[in-house]
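*Asks:* Quick one, structure for this:
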Amino acid sequence: MGKTKSCCRYAAVVVALIVLLRVGVGCHFLYEGLWKMDKSNGFSAKGFLGMAKGPTKELYYMFLPDLGGEERIQMAEVYRVVKNGENSEQERIGWTLPVIETEWYDYYMKFEKKYGLDNPEIDNPEAVDPEILTLRNQRKAARDIFNQYVLSLREYTLENREDFRGFVASKRRFEEALAKSKNDAEYQRIRDWDAQLKYRNEGEKFAAAPVSMGENMQLALWCVLSPEQKAKGELSPIAYGANKSAIMAAVAKIPCLKGLAVPTTMGALDLAVTLGLSAIGLCLMLGLCTRLACLGGALFMINVVLSQFPWPTVYPYPPEVVGHSMVFNKDTIELVVLLVLASLPAGRWGGLDWFLWNCVGQNLYRYFGIEKDPIPEVLQVESCN
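*Replies:* Below you'll find the predicted structure:
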């Protein structure tokens, strides 16, 4: 009898600690997900994946199209058609960034269509309806804004075209030399990484200005609209080139995801991380579908570990402020904890999985001819007297 009570006390302590561990890990995941949902925090997985290192880094770079901005700053000459009698000639009027300007034009066409500025009555000079006159004034103001920003983009391109050319040529020479290099010495790997990061940051800096112009243009166009037009909702933000995602553009229209989804490849990953972390954390805290949540969290942590490979010789080295580790850092330890929790019925102890087990799980076990409870007898606290 005394031995049974001792086992029960031991089992109670073990169960309490496992539940505490489950809730603690769940709280961490849930807070991370909720923090990332707040747009003011500016979360994006781009910076994290852009610093991926180790054997799987190229896999993570696939989620970052146009990393370094080279696609967005590709230039093209702009021409206009000039009539010369019966003939027409093309006259060069400057330079532009076609990836940027094309997306601006598509956005503006959608803008006119969504808010009724493409009404054919607007072009009727005899129209006297106050609503048509208001739309005419709005369209004129919107077109003036659009043309102003296009002109600014072309001026920016003209001013920086030599810098763009030099940057693209230098970056391509570096990438070709890197592909041919067979020097795997640590010193050379450090130099290559630093140079790669330098080119990436420089390209992003060049591309940041026109992207910022596009954001300001969207805001200026929004201010042209009346309250009734604004009630129709905003258009999805502009996405450029290979980063554009038609699937995410459709997802962004879902009411509950409108504030979270961005129509880009990176937006899809950010949304998956945000919702996934929140769901995993909530399930762990409630003890609901605990094993599935643990496996989902473990899969996420595997990707974190592989993207920031915790090996001393892998550059860039982790900052001193996070401490020192070899293979087993805080991310690896959390991965192991999740795998341990996945191997235990932790959700049945102080969690909603107790109801799932008694209402569904036991019946399934009996259906497949399994009579014995999978929990070891020493941990079945409820049976102790």
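*Asks:* centroid residue for this structure?
*Replies:* Here the mean C-alpha position of the chain is nearest to the C-alpha of residue 270 (CA atoms, centre = their mean), at a distance of 2.4 Å.
*Asks:* Read off the pLDDT value for it.
*Replies:* What the model reports as pLDDT for residue 270 is 87.
*Asks:* quick one: low-confidence ranges for the stretch 251-385 of the chain?
*Replies:* For the stretch 251-385 of the chain, the stretches flagged by pLDDT under 70 are 258-259, 319-323, 365-385.
*Asks:* in it, which spans are helices?
*Replies:* All helices of the stretch 251-385 of the chain, identified by DSSP state H, counting those that start in this stretch, fall at 265-286, 290-307, 330-342, 353-356, 362-367.
*Asks:* For the fourth one, buried residues please.
*Replies:* Within helix 353-356, the residues that count as buried by 16 or more other CB atoms under 10 Å are 353-354, 356. C-beta coordinates here come from the backbone N, C-alpha and C atoms, glycine included.
*Asks:* can you give me the offset of it from its chain's centre?
*Replies:* Averaging C-alpha positions (CA atoms, centre = their mean, to the nearest Å) puts helix 353-356 34 Å from its chain's average.
*Asks:* Pass me the low-pLDDT residue ranges in the stretch 1-150 of the chain, would you?
*Replies:* Answering for the stretch 1-150 of the chain: the residues below the bar, that is pLDDT under 70, span 1-7, 84-86.
*Asks:* Going along the chain, name the strands of it.
*Replies:* Assigned strands in the stretch 1-150 of the chain, in chain order: 76-84, 87-96 (criterion: DSSP state E, counting those that start in this stretch).
*Asks:* so what's the residue nearest to the centre of the chain up against?
*Replies:* With contact taken as CB atoms under 8 Å, 6 or more residues apart in numbering, residue 270 is in contact with 36, 43-45, 262.
*Asks:* again, only this time at 6 Å
*Replies:* The contact partners of residue 270, by CB atoms under 6 Å, 6 or more residues apart in numbering, come to 44-45.
*Asks:* From residue 264, how far off is it?
*Replies:* Look at residue 270 and residue 264: by CB to CB, to the nearest Å, they are 9 Å apart.
*Asks:* One more: residue 327?
*Replies:* For residue 327, the distance to residue 264 (CB to CB) stands at 34 Å.
*Asks:* which of those two has more neighbours?
*Replies:* residue 264 (25 against 10; other CB atoms under 10 Å).
*Asks:* Neighbours of residue 247, how many?
*Replies:* Residue neighbour count, defined by other CB under 10 Å, stands at 10 for residue 247.
*Asks:* Looking at it now. What's its pLDDT?
*Replies:* Per-residue confidence (pLDDT) for residue 247: 80.
*Asks:* Which secondary structure state does it sit in?
*Replies:* When classified by DSSP: H, G, I helix; E, B strand; the rest coil, residue 247 comes out as helix.
*Asks:* Okay, the closest residue in space to it that isn't next to it in sequence and residue 120: tell me how far apart.
*Replies:* Distance criterion CB to CB, 6 or more residues apart in numbering; nearest residue to residue 247, sequence neighbours excluded, is residue 268 at 7.1 Å. As defined by CB to CB, residue 268 lies at a distance of 37 Å from residue 120.
*Asks:* Neighbour count: those two, which is higher?
*Replies:* In this view residue 268 and residue 120 are compared by other CB under 10 Å, and residue 268 has more residues nearby, 17 against 6.
*Asks:* wait, that one sits on residue 249?
*Replies:* No. Residue 268 is not in contact with residue 249 according to CB atoms under 6 Å; the separation is 10.5 Å.
*Asks:* Now the strands of the stretch 1-150 of the chain in CSV, please, with extra columns for distance to residue 65 and mean neighbour count.
*Replies:* Below are the strands of the stretch 1-150 of the chain laid out as CSV (distance: least, CB to CB, whole Å; neighbours: other CB atoms under 10 Å):
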stretch, distance to residue 65, mean neighbour count
strand 76-84, 20, 11
strand 87-96, 21, 12
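*Asks:* closest to residue 24 out of the ones you listed?
*Replies:* Ranking the strands of the stretch 1-150 of the chain by distance to residue 24, with CB to CB as the measure, places strand 87-96 first at 54.0 Å.
*Asks:* any chance you could map the helices in the stretch 51-200 of the chain?
*Replies:* Along the stretch 51-200 of the chain, counting by DSSP H, counting those that start in this stretch, helices occupy 57-61, 98-114, 130-180, 186-224.
*Asks:* ok so, going back, want to try JSON lines for the helices of the stretch 251-385 of the chain, with distance to residue 63 as columns?
*Replies:* Output for the helices of the stretch 251-385 of the chain, formatted as JSON lines (distance: least, CB to CB, whole Å):
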{"stretch": "helix 265-286", "distance to residue 63": "5"}
{"stretch": "helix 290-307", "distance to residue 63": "10"}
{"stretch": "helix 330-342", "distance to residue 63": "19"}
{"stretch": "helix 353-356", "distance to residue 63": "33"}
{"stretch": "helix 362-367", "distance to residue 63": "38"}
